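Student: How does the following fold in three dimensions:
(2 chains)
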Protein chains: 2
Amino acid sequence: MRGTDIMYILVSLDSNYIRPLKVMLKSLFLNNPGEKFVIYLMHSSITDEELDDLGRYVGDHGHRLEIITIDEKCFSNAPVILYYTREMYYRLLAHKFLPNDLDRILYLDPDILVINPIRKLYDMDIDGYLYAAAYHKIPSIKGINKIRLNPYDIEAYYNSGVLLMNLDLHRKCIREKDIFDFIEKNRLKLIMPDQDVLNALYSKKIKSIDEKYFNYDARYYNYYKLTSHNVWDMDHVIRNTVILHFCGKKKPWKKSYSGKFHALYKHYEKLAFPNAETQA
Amino acid sequence: MRGTDIMYILVSLDSNYIRPLKVMLKSLFLNNPGEKFVIYLMHSSITDEELDDLGRYVGDHGHRLEIITIDEKCFSNAPVILYYTREMYYRLLAHKFLPNDLDRILYLDPDILVINPIRKLYDMDIDGYLYAAAYHKIPSIKGINKIRLNPYDIEAYYNSGVLLMNLDLHRKCIREKDIFDFIEKNRLKLIMPDQDVLNALYSKKIKSIDEKYFNYDARYYNYYKLTSHNVWDMDHVIRNTVILHFCGKKKPWKKSYSGKFHALYKHYEKLAFPNAETQA
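Tutor: Predicted structure coming up:
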């Protein structure tokens, strides 16, 4: 399928994240004029009414939504961890459900704003790599996660919120059994299961991309600015960052949120929902 | 001229403010789709090249720029105050230079973002009033200015950055001599001369409009939020505030700026200047 101009985007979520998803898609569409997107949505519990509405939303913007409904039975032999549903496997095993002729797709979390064109990221050379992903370098985070997953000798802790997937290679290399075995063996240690699996099993096959461009953690404006000797000031971020990721528990669609990019998020939210005042 | 759909906007500035003006106009045009604007620019020192460029910019957005070049001789009999040029009179005496059949115009400072439709403000009933303007209620500011201009018995200190002008009444009531006399008499007391004149001479003929909608001081997000019992949170501001005013010395186009609406300002600045990275 490469060589055409269409970009394929993968998302995976439940009904609670449809609203942020629409905001994310609005920012993606607005900042990538002239591009055509096909959005693959993997889910198991979103209602038909919600799916219809989302399909119209994507269609009204000139793009296409493809729905992949996962039967929960698919992963009936998979281990389940407290607090986590089987949906955590969808992202890791997406290649099993996507069309066979699709050779790459860009997975995006819904707690994201796409504020510049993503073409460069999407077309990146990932020959020989399973993924392109960014690791978050904030020292404390990196340190903690390295210690926790130490036996697997991780060089960096990749964030699984933005993943460019080399599907051809996934079909050859990523096996359900490896993933299930790993989770079974480490179930007490895992904090963010899918991200932990990604890092423990595949980090050596991940092409590292710069988080400041492709997975900017919206909590760390001051850190990025300081460590770049003020190069990454607000002007530079707005002009150069492609993907702004609202990591962590505090989300910009919640009443209690406060942060450097709050006004910008609300701006896109208004564009996505011009008539709705309600917020979480 | 009323009854037509065109909205008339007045700006007055020198070359240093052309860049922020373009950002302000971009936000005005984007958030008022379907409207037609005529922008009157009063100036005395902007170069022909800059004026041509600005005319093209406004024209490319489907609107019209009208230039009013003021000969400095016009105010040769006006008192001049240290640090201030004669341009401070342009706003107060605009009716002398604007077409006689124009009955209202909306003056806007260039350090503004227009983030929602301004039609309601523009069409406001101002019969019997010289202006509609907002006063800034932050207690300390109000207190200081009331004391300073006390002899003139001001009830509120109006901000002169957003002024809906009743030009018919200006032609009848506003006289150069009153303004010059006042300035002559108070020259040592004046801090912001044009705003001081507005308040001292005309405050009783100003229709008061809500600053949170029409002249939101971008420095005081927390104050507005707190005093409104959290009604004016970020969601509410983005959906309801029409005019966001970056008052004070620190400007969002400067390197050193930091504030709640920094990212949003930079977003509009990028839209106005998609290819220019430079900033002040």
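Student: mind checking how far residue A:34 is from residue A:117?
Tutor: 9 Å (CB to CB, to the nearest Å). To be clear about C-beta, it is placed using only N, CA and C from the backbone, and glycine gets the same treatment.
Student: Those two - which one has more neighbours?
Tutor: Each of residue A:34 and residue A:117 has its neighbours counted (other CB atoms under 10 Å in any protein chain shown); residue A:117 has more, 15 against 7.
Student: The closest residue in space to residue A:5 that isn't next to it in sequence: what's it in contact with?
Tutor: Spatial nearest neighbour of residue A:5, chain neighbours left out: residue A:36 (6.0 Å); criterion: CB to CB, 6 or more residues apart in numbering or on different chains. Listed by CB atoms under 8 Å, 6 or more residues apart in numbering or on different chains, the contact set of residue A:36 reads A:5, A:6, A:7, A:62, A:63.
Student: Enumerate every residue touching the residue of the stretch 51-200 of chain A found nearest chain B.
Tutor: Nearest residue of the stretch 51-200 of chain A to chain B, counting by CB to the nearest CB: residue A:115, 7.7 Å away. Listed by CB under 8 Å, 6+ apart, the contact partners of residue A:115 are A:27, A:31, A:238, A:241, A:242, A:243, A:244, A:264, B:267.
Student: again, only this time at 7 Å
Tutor: Taking CB atoms under 7 Å, 6 or more residues apart in numbering or on different chains, we find residue A:115 in contact with A:27, A:31, A:238, A:241, A:242, A:244.
Student: Chain B versus the third one, what's the distance?
Tutor: In this case it means residue A:238. Applying CB to the nearest CB, to the nearest Å, the value for residue A:238 to chain B is 4 Å.
Student: Quick check: which element contains residue A:132?
Tutor: Using DSSP states H and E, residue A:132 sits in strand A:131-133.
Student: Also residue A:196?
Tutor: helix A:193-202.
Student: Tell me how far that helix lies from the chain's centre.
Tutor: Chain-centre distance of helix A:193-202: 14 Å, with CA atoms, centre = their mean, to the nearest Å.
Student: next one: phi and psi at residue A:232?
Tutor: phi -90, psi 60 (degrees, to the nearest 10).
Student: Hmm, residue A:226 and it touching each other?
Tutor: No - using CB atoms under 7 Å, residue A:232 makes no contact with residue A:226, being 9.0 Å away.
Student: more neighbours, those two?
Tutor: residue A:232 (19 against 11).
Student: if we can go back for a sec, ok, now how distant is the residue of the stretch 51-200 of chain A closest to chain B from residue A:244?
Tutor: Residue A:115 sits 6 Å away from residue A:244, taking CB to CB as the criterion.
Student: For residue A:137, give me its contacts.
Tutor: residue A:211.
Student: and it, what element?
Tutor: Secondary structure assignment for residue A:137, by DSSP H and E: no helix or strand.
Student: Chain B contacts on chain A?
Tutor: By CB under 7 Å from any CB of the partner chain, the residues of chain A that approach chain B are A:233-235, A:238-239, A:255, A:260-264, A:266-267, A:270, A:277, A:279.
Student: Run through the stretch 51-200 of chain A and note the low-pLDDT ranges.
Tutor: Scanning the stretch 51-200 of chain A for pLDDT under 70 picks out the ranges A:81-86, A:138-156, A:188.
Student: Hmm, residue A:168 is touching residue A:103, no?
Tutor: Yes - using CB under 7 Å, residue A:168 is in contact with residue A:103, at 5.0 Å.
Student: where do the helices sit along chain A?
Tutor: Secondary structure of chain A (DSSP state H): helices located at A:18-30, A:48-60, A:88-92, A:119-122, A:139-148, A:167-173, A:176-186, A:193-202, A:211-214, A:221-227, A:234-240, A:262-272.
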